[in-house]
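Engineer: here you go, sequence then predicted model.
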Amino acid sequence: MAGAALSRVPAVQIDGDGVFKYVLLRVRGPGAPAKDVVRGHAWAEYHADLLERTAEELARHGLSCECLGGGRLSHRPEERKIHVYGYSVGFGRADHAVTTEKLKAEYPDYEITWADEGY
């Protein structure tokens, strides 16, 4: 049951364009393997806002999550580009290489880059 709920959790949910904060989360269900997901939205003033809302949504399906770190995304759909960079003051820097791979799977026709520089 937890495996089925986990399989329905989208690997990536980000805003359609702009610059915004993101978090890399590890989602777990009882007796199911973990799954890493990316969440990024401009409405979030803090990285913790993304974690809190996602944790609430997952809890309704018997799942939990932990934050592996954060950063920022610059999503430019007109150029088909996403740039991953920066860090979260509260959660530290996410592994941008992992985030980039998740984004490439979701946006295969995009140029997706990352850097540890910037905030």
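Structural biologist: Structure received. Just so it is clear, the model here is predicted, and its values are computed rather than measured.
Engineer: switch to C-alpha atoms for all contacts and neighbour counts from now on
Structural biologist: Will do.
Engineer: so for the helix or strand of the chain with the lowest mean pLDDT, what gets flagged as buried?
Structural biologist: Here the helix or strand of the chain ranked lowest by mean pLDDT, DSSP states H and E is helix 2-7, holding a mean of 80. Of all the residues in helix 2-7, those buried under the rule 16 or more other Cα atoms under 10 Å are Leu6.
Engineer: show me the shaky parts of the chain.
Structural biologist: Within the chain, the stretches with pLDDT under 70 are 1-2, 119.
Engineer: hang on, Leu50 in a helix?
Structural biologist: Yes - counting by DSSP: H, G, I helix; E, B strand; the rest coil, Leu50 is found in a helix.
Engineer: which residues touch it?
Structural biologist: Counting by Cα atoms under 8 Å, 6 or more residues apart in numbering, Leu50 makes contact with Tyr22, Val23, Arg39, Gly40, His41, Ala44.
Engineer: of those, closest to Arg93?
Structural biologist: Comparing the contacts of Leu50 against Arg93 with Cα to Cα places Val23 closest, at 9.1 Å.
Engineer: the closest one is in contact with Glu66, isn't it?
Structural biologist: No - Val23 is beyond contact range of Glu66, at 9.9 Å (criterion: Cα atoms under 8 Å).
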